[in-house]
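Asks: Predicted structure and sequence below. I'll ask about it afterward.
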Amino acid sequence: MLEDLNLNDLQNPDQFRAAIVRLLNLIEELSADNQALRAEVQQLRDENNRLKGEQGKPTIKPNQPKKTGAAADRSSEARRHKPPTWKKTSTRSELTIDREEVLKVPPTLLPPDAEFKDYVPVVVQDAHLQTETIRFLKEKYYSAATRQTYLATLPRGYQGQFGPNVKALAVVLYFAGNMSEPKLLEFFRQAGLHMSHGELSNLLIKDHADFHAEKDAVYMAGLSSSAWQHTDHTGTRVNGQNQQCQIVCNPLYTAYFTTEKKDRLSVLQVLQNNRPLTFRFNTETLELLETLKVPAWAREHVAATLSADRELSQPEVAAWLDEQLPTLGAQHRARVLDAAAIAAYHAQVEFPVIRLLVCDDAPQFNWVTDELALCWIHEGRHYQKLEPVVAQHRAQLEAFQDDFWAFYDELLKYREHPTPPERIRLDTDFDRLFSTVTGYAALDVRMAKTRAKKHCLLLVLTHPEIPLHNNPAELGARQRVRKGDVSFGPRSKDGVKAWDTFMTLVATSKKLGLSFYAYVLDRISGANQLPKLADLITERAQKDPLDVSWSSP
């Protein structure tokens, strides 16, 4: 950075100022490198200690001073959680009184002239946990004429060794209450039930075909409820191996999918409810191949060989690539698969094709949908990660962050009352804000990266119905992380499917304002009095459409 700096050449204040700016940026760069090296050295020391059978340095975060004023307003967490002004509300109107009991004052405590005036109501809620062991006597008949035995069937929900209430409680406490299996087993045993580890595991992950079917219906209804969706992913463990949990959601539902990878093919498979991928070679495929910078000779060969809008399965396209393009590198081969899979997704009719994704700037989401809206909260975190050591740089960063969140607030106001003049003004203000040159190199580079994402960050100007952040999907991912912290992760295919299904139903029930316990008990007992979640999603989407600018006339 200073190879061409010659102090003898400095003749005027501007040259001195430029030299000082370069020196201050060098200080920032060296400080950041030093901090990164310190962290790496500590990591290596911890690894050496672990290899010796010892423990590494514990991760204890330092106390953070409580932020106040503008600093607190700039927090992305504060922007994520903006609760309404709290006021105490009564819940008595929501309660159903099951019994009423009159409490009398002992006569010995009353003076002779005491007169009865009225009752003072006090409402108390209580719950009973009581075991019930049932012995069913099933009638058994035999017919000599038909040579068959006729046996009475158990009521719905009583198959196995436990009744519907225990089954529902197990599912709710494990998936909604986030209890671990050992603690849940201890709870049931304390309540007086005789249950083994294997029996509890079976209650949680086996024989849930109806719930799996309802999850599929929820996802289909959710995709159909709007042309835009949130998406995010987080790491998860399956039988001790690292995998990915993909989240797709909107204000009416949240769906979870566990995949081995987080690449673009995994995203496309999730958007089609884990249906086996197909690959289509058509005009869109060729355009994508050019966008993805696949070599011209490979594009020409694809156009000459597969130009008839042909669709292939994954084994078929792999065999074709091996035969026709054996010299194509692994990276370009993956891009061919991506392009063909995207074209097939857009052409298929089995699932609603999402037109816009609200997400972070992970590369696997690019080109999957017509448009991509990026999260402003996620973008703001990049600036929070800057840790300048020079006082002037700290002041510049603080001033910029104030302007950043002020612009964010202006976008929020625009969503409420969008107008063409306001759209033009905000577009111009974006260019002015992120084209500022401060002299703090790390901040200027970060602003240039934000400026390059202008189209994706300002899609709200043309689609004011979409949110400015991806918090719903991130909060969905957080729930999976918390579940993993308690229960580590599923260990079998049945476990993976149960985790994805019940976490989907828990989150969706909450968004729809439905008691998950009442819902699970209703389904397991066979009562089926509660409406299907998919029907509720469809009904609410029709009553209050999520897509304003895309809605039908």
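Replies: Done, it's in.
Asks: Low-confidence regions, the stretch 451-553 of the chain specifically.
Replies: By pLDDT under 70, the weakly predicted segments of the stretch 451-553 of the chain are 548-553.
Asks: now do the stretch 201-350 of the chain
Replies: 307.
Asks: Strands of that one, residue ranges please.
Replies: 228-238, 241-250, 253-259, 278-281, 310-313 (DSSP state E, counting those that start in this stretch).
Asks: Of all those strands, which one comes closest to E350?
Replies: With Cβ to Cβ as the measure, strand 278-281 is the member of the strands of the stretch 201-350 of the chain nearest E350 (10.2 Å). All C-beta atoms are positioned from the backbone trio N, CA, C, and that covers glycine.
Asks: Same list (the strands of the stretch 201-350 of the chain) but as a markdown table, adding distance to A347 and mean neighbour count.
Replies: Compiled in a markdown table, these are given as follows (distance: least, Cβ to Cβ, whole Å; neighbours: other Cβ atoms under 10 Å):
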| stretch | distance to A347 | mean neighbour count |
| --- | --- | --- |
| strand 228-238 | 19 | 22 |
| strand 241-250 | 20 | 22 |
| strand 253-259 | 22 | 25 |
| strand 278-281 | 5 | 24 |
| strand 310-313 | 8 | 16 |
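Asks: For those strands, please prepare a markdown table with the additional fields distance to D322.
Replies: Shown next, in a markdown table, are the strands of the stretch 201-350 of the chain (distance: least, Cβ to Cβ, whole Å):
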| stretch | distance to D322 |
| --- | --- |
| strand 228-238 | 30 |
| strand 241-250 | 27 |
| strand 253-259 | 24 |
| strand 278-281 | 14 |
| strand 310-313 | 13 |
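Asks: Could you pick out the longest helix of this structure?
Replies: helix 13-51 (DSSP state H).
Asks: Compute the distance from the centre of that one to the centre of its chain.
Replies: Its chain's C-alpha centre and that of helix 13-51 lie 34 Å apart, by Cα atoms, centre = their mean, to the nearest Å.
Asks: picking that back up, show me the one of the strands of the stretch 201-350 of the chain that comes nearest A395.
Replies: strand 228-238 (34.0 Å).
Asks: which helices and strands sit right next to that closest one?
Replies: Using 3 or more Cβ pairs under 8 Å, 6 or more residues apart in numbering; DSSP states H and E, the elements in contact with strand 228-238 are strand 241-250, strand 356-359, helix 471-487.
Asks: circling back to that earlier point, among the strands of the stretch 201-350 of the chain, which comes closest to E416?
Replies: strand 228-238 (17.9 Å).
Asks: As PDB, could you dump the C-alpha coordinates of the closest one?
Replies: Extracted C-alpha coordinates of strand 228-238, given in PDB (Å, rounded to 0.1, in the frame of the first residue of the first chain):
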ATOM      1  CA  TRP A 228     -43.100 -14.500  -3.300                       C
ATOM      2  CA  GLN A 229     -41.500 -16.600  -0.500                       C
ATOM      3  CA  HIS A 230     -38.900 -16.300   2.100                       C
ATOM      4  CA  THR A 231     -36.000 -18.800   2.200                       C
ATOM      5  CA  ASP A 232     -33.000 -19.500   4.300                       C
ATOM      6  CA  HIS A 233     -30.900 -22.500   5.400                       C
ATOM      7  CA  THR A 234     -28.900 -23.600   8.400                       C
ATOM      8  CA  GLY A 235     -26.600 -26.400   9.300                       C
ATOM      9  CA  THR A 236     -28.000 -29.500  11.000                       C
ATOM     10  CA  ARG A 237     -26.800 -33.000  12.000                       C
ATOM     11  CA  VAL A 238     -28.200 -36.300  10.800                       C
END
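Asks: Most distant residue from the centre of the chain?
Replies: Each residue of the chain has a distance to the centre, and by Cα atoms, centre = their mean the biggest one is for P112: 68.4 Å.
Asks: what's the neighbour count on F211?
Replies: 20 (other Cβ atoms under 10 Å).
Asks: Next, the contact list for the spatially most central residue of the chain, please.
Replies: In the chain, the C-alpha nearest the mean C-alpha coordinate belongs to A473, at 2.9 Å (Cα atoms, centre = their mean). Counting by Cβ atoms under 8 Å, 6 or more residues apart in numbering, A473 makes contact with 230-232, 247-249, 358-359.
Asks: hang on, the earlier thing: elements contacting the longest helix of the chain?
Replies: helix 391-416, helix 441-452.
Asks: Tell me the buried residues in the shortest one?
Replies: Along helix 441-452, the positions that meet the burial threshold by neighbour count (16 or more other Cβ atoms under 10 Å) are 441-444, 446-447, 450.
Asks: I'd like those residues written out as TSV, with pLDDT added.
Replies: Listed next are the buried residues of helix 441-452 as TSV, based on pLDDT from 0 to 100:
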residue	pLDDT
A441	91
A442	92
L443	95
D444	94
R446	95
M447	96
T450	97
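Asks: now, which of these sits nearest E387?
Replies: Nearest to E387 among the buried residues of helix 441-452, with distances taken as Cβ to Cβ, is A442, at 9.3 Å.
Asks: wait, isn't that closest one in contact with E387?
Replies: No. Here A442 lies out of contact with E387, judged by Cβ atoms under 8 Å, at a distance of 9.3 Å.
Asks: Now do the shared contacts for these two.
Replies: With Cβ under 8 Å, 6+ apart as the test, A442 and E387 both reach A32.
Asks: how far does stretch 171-184 sit from the chain's center?
Replies: Worked out by Cα atoms, centre = their mean, stretch 171-184 lies 21 Å from the chain centre.
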